[in-house]
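Colleague: Can you look at this prediction? I've put the sequence above it.
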Amino acid sequence: IFNNTELGINLLRNDISGGVTLNDTLDGDSGPNDLQNYPDIQAVTGAGTLCTVRGVLNSSPNTAYTIDFYRSLSADPTSYGEGEVWVGSVTATTNSSGQAAFSVNLTVPVGQWISSTATGPTGSSTSEFSRAVKRLS
């Protein structure tokens, strides 16, 4: 899901903003894909082609989510991600406050962009892509 004229995943395509559906606290709303919150990638570090991606997901409390990671040659013009090549996943379980930290090792060449999605336990509630982060080292 990349190199298109719109967001790779857009949960509220007819939203007045026409863009990214921003995350909300505790993610207790309804709509397409339950308006699942996307992960927040906070750091990308590494050496060679291997890197470590760290971040947090804020969503429904006490719930396990699959966070999928993608690399792309470029980010969407909104600076959110695209999904050119799937590079891995990790399971993260939120605490009673709805937060889950994650860390995963991935193979991503320097200079490429990393983004992620979160999918709820039913498998049908996938988020939009997260903000893309460029691997600098």
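Modeller: Right, received. Where do you want to start? Numbering: from 1, shown residues only.
Colleague: Give me the secondary structure label for residue 2.
Modeller: coil (DSSP: H, G, I helix; E, B strand; the rest coil).
Colleague: who touches it in this structure?
Modeller: Residue 2 makes contact with 8, 72, 82-84, according to CB atoms under 8 Å, 6 or more residues apart in numbering. Quick note: C-beta positions are derived from backbone N, CA and C, even for glycine.
Colleague: tell me the strands in the chain, going along the chain?
Modeller: In the chain, the strands defined using DSSP state E lie at 40-47, 50-58, 64-72, 85-93, 99-107, 113-119, 133-134.
Colleague: so the spatially most central residue of the chain bridges to which residues?
Modeller: Centroid-nearest residue in the chain, with CA atoms, centre = their mean: residue 116, separated by 2.7 Å. In this entry, residue 116 is beta-bridged to residue 69, by DSSP bridges.
Colleague: So it sits against residue 42, correct?
Modeller: No - between residue 116 and residue 42 there is no contact, the gap being 11.3 Å when judged by CB atoms under 8 Å.
Colleague: Between the two, which contacts overlap?
Modeller: residue 55.
Colleague: List the residues that contact the closest residue to residue 86 other than its chain neighbours.
Modeller: In space, and not counting its chain neighbours, residue 86 is closest to residue 70: 5.6 Å by CB to CB, 6 or more residues apart in numbering. Shown in contact with residue 70 (CB under 8 Å, 6+ apart): 81-87, 114-117, 129.
Colleague: okay, the strands of the chain, which one's buried deepest?
Modeller: strand 113-119 (a mean of 25; mean count of other CB atoms under 10 Å).
Colleague: before we move on, back to that, give me the buried subset of the contacts of residue 2.
Modeller: Buried by 16 or more other CB atoms under 10 Å: 8, 72, 82-84, out of these.
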